[in-house]
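Visitor: Give the three-dimensional model of this entry:
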Amino acid sequence: MDPDFAVELARHTLLTALTIAAPLLAATLLLALVLALLQTILNLQEQTLTVIPKIVIAVLVTFLLTPWVLRSLIDFTVPMLGHMLSNGSGA
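Guide: Presented below is the predicted three-dimensional model:
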């Protein structure tokens, strides 16, 4: 594996991981902000009230985005394996 390919692979890997994680993190963050605002407005001090909604939204977003995540992972993996196998440096 040549150094240029290794650097490009690392960059593409990090970008793909960030792209896949961003929607889940954004949805959870948005829900956390809304719940914190509601707790402040209603003067609720119970911190455990936010855990269950965050888990539910994370599961829902993960379930809804599974086809897109799988397509993104396939689009990442196929060219990488093709490049590695065509250069004889695979397996």
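
Visitor: Just give me the longest helix of the chain.
Guide: Longest helix in the chain by number of residues, with DSSP state H as the criterion: helix 3-42.

Visitor: and residue 44, which of the three is it?
Guide: coil (DSSP: H, G, I helix; E, B strand; the rest coil).

Visitor: quick one on the thing from earlier: remind me what the longest helix of the chain packs against, helices and strands.
Guide: Other elements packing on helix 3-42 under the criterion 3 or more CB pairs under 8 Å, 6 or more residues apart in numbering; DSSP states H and E are helix 51-86. (Glycine included, C-beta is placed from N, CA and C.)

Visitor: Point to the residue nearest the middle of this structure.
Guide: Centre of the chain computed as the mean C-alpha position; nearest residue by CA atoms, centre = their mean is residue 21, 1.3 Å away.

Visitor: what about this protein, any weak spots by pLDDT?
Guide: 1, 88-91 (pLDDT under 70).

Visitor: 90 instead, please
Guide: Residue ranges of the chain with pLDDT under 90: 1-6, 8-9, 36, 39-40, 42-51, 79-91.

Visitor: that older thread, tell me the buried residues in the longest helix of the chain?
Guide: Neighbour counts over helix 3-42 (16 or more other CB atoms under 10 Å) mark 20, 24, 27, 28, 31, 35 as buried.

Visitor: Now tabulate those residues in TSV and tack on distance to residue 76.
Guide: Formatted as TSV, those follow (distance: CB to CB, whole Å):
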residue	distance to residue 76
20	9
24	17
27	22
28	23
31	28
35	34
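
Visitor: just those now: which is nearest residue 67?
Guide: Nearest to residue 67 among the buried residues of helix 3-42 is residue 20, at 12.4 Å by CB to CB.

Visitor: Now do the same contact list for the closest one.
Guide: Residue 20 makes contacts with 69, 72, 73, as judged by CB atoms under 8 Å, 6 or more residues apart in numbering.
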